[in-house]
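Student: I would like the atomic coordinates for the input below:
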Amino acid sequence: MGEIREPLRELTECGLPQALEVMGERWSFMILRASFNGLHHFEEFLTELGIARNILSNRLAKLVEHGILGREPCADDRRKIEYRLTPKGFDLLPAMLALRQWGQKYGAEMAENPVLVDEQDRLPIGPISILAHDGRILGHQDLALVRPEDLGKRTDGSSASAKSAPEAGDVVDLKAAKTAAAG
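Tutor: Numbering: from 1, shown residues only. From the prediction side, this is the model:
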């Protein structure tokens, strides 16, 4: 990944240790997956996941504390509490899908049922990818670490300017992006 390395002993200088502090164990991911599948109540999580009551209570509290889930009384019964994904929680969806796809690829042989599809055309979603600012799909060999002051400075000395990144729902012409990147 280039000539520069991340300070591997510095846990505060990287988002990964911080993310693992919040999400770094199985039950947090299982609760998050259940939330993406529409579960909102303590008893639903308890029944569907088969998790111990004390562990569920602890994990829900941690997810609420870190802003992944919101905790609020139910509209129809103020005595019941609902746990709902926050925008911060929804931002974990690509990471969840990437882990799911990795597990399907390298885990035990299993048929995906139900199949996760694109709502518009009902075809399976593609692999989660690392995208460049212009929509190009990148592999590990395409990545490098640079100092902030060197952003946009290419190795040949020329400069690059950032184009607007694709947003959710954008259609990216990968063939055109590859052709443009090649020169």
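
Student: show me the shaky parts of the protein.
Tutor: Applying pLDDT under 70 to the chain picks out residues 1-4, 7-13, 163-183.

Student: for it, just list every one of the strands.
Tutor: Residue ranges of the strands in the chain, as given by DSSP state E, are 69-73, 81-85, 130-131, 137-138.

Student: got the buried residues for the second one?
Tutor: Applying a neighbour-count criterion of 16 or more other CB atoms under 10 Å, one finds 82-83, 85 buried in strand 81-85. Heads up, the C-betas are built off the backbone N, CA and C, glycines and all.

Student: the first one now?
Tutor: By neighbour count with 16+ other CB under 10 Å, strand 69-73 contains the buried residues residue 69.

Student: given that strand, what are its sheet partners and their directions?
Tutor: Strand pairing for strand 69-73, using DSSP bridges, gives strand 81-85 (antiparallel).

Student: can you list contacts of the partner strand?
Tutor: Outside strand 81-85, the residues that touch it by CB atoms under 8 Å, 6 or more residues apart in numbering are 32, 35-36, 40-42, 45, 60, 63-64, 68-74.

Student: switch to 7 Å and redo it
Tutor: Residues from elsewhere that reach strand 81-85 (CB atoms under 7 Å, 6 or more residues apart in numbering): 35, 40-42, 60, 69-74.

Student: out of the residues you listed, what pair is the most spread apart?
Tutor: 35 and 73 (17.4 Å; CB to CB).

Student: show me where the protein has its helices.
Tutor: Applying DSSP state H to the chain gives helices spanning 15-23, 26-36, 42-49, 53-65, 87-90, 93-106, 174-182.

Student: of all those, which one is nearest residue 153?
Tutor: helix 174-182 (17.1 Å).

Student: contacts only, for residue 117.
Tutor: 123-125 are the contacts of residue 117 under CB under 7 Å, 6+ apart.

Student: and residue 40, by the same measure?
Tutor: 82-84.

Student: residue 94 - nearest residue in space that isn't next to it in sequence?
Tutor: Closest residue to residue 94 apart from its sequence neighbours, by CB to CB, 6 or more residues apart in numbering: residue 128 at 5.7 Å.

Student: what residues of stretch 55-62 count as buried?
Tutor: Of the residues in stretch 55-62, 56, 59-60, 62 count as buried by neighbour count, 16+ other CB under 10 Å.
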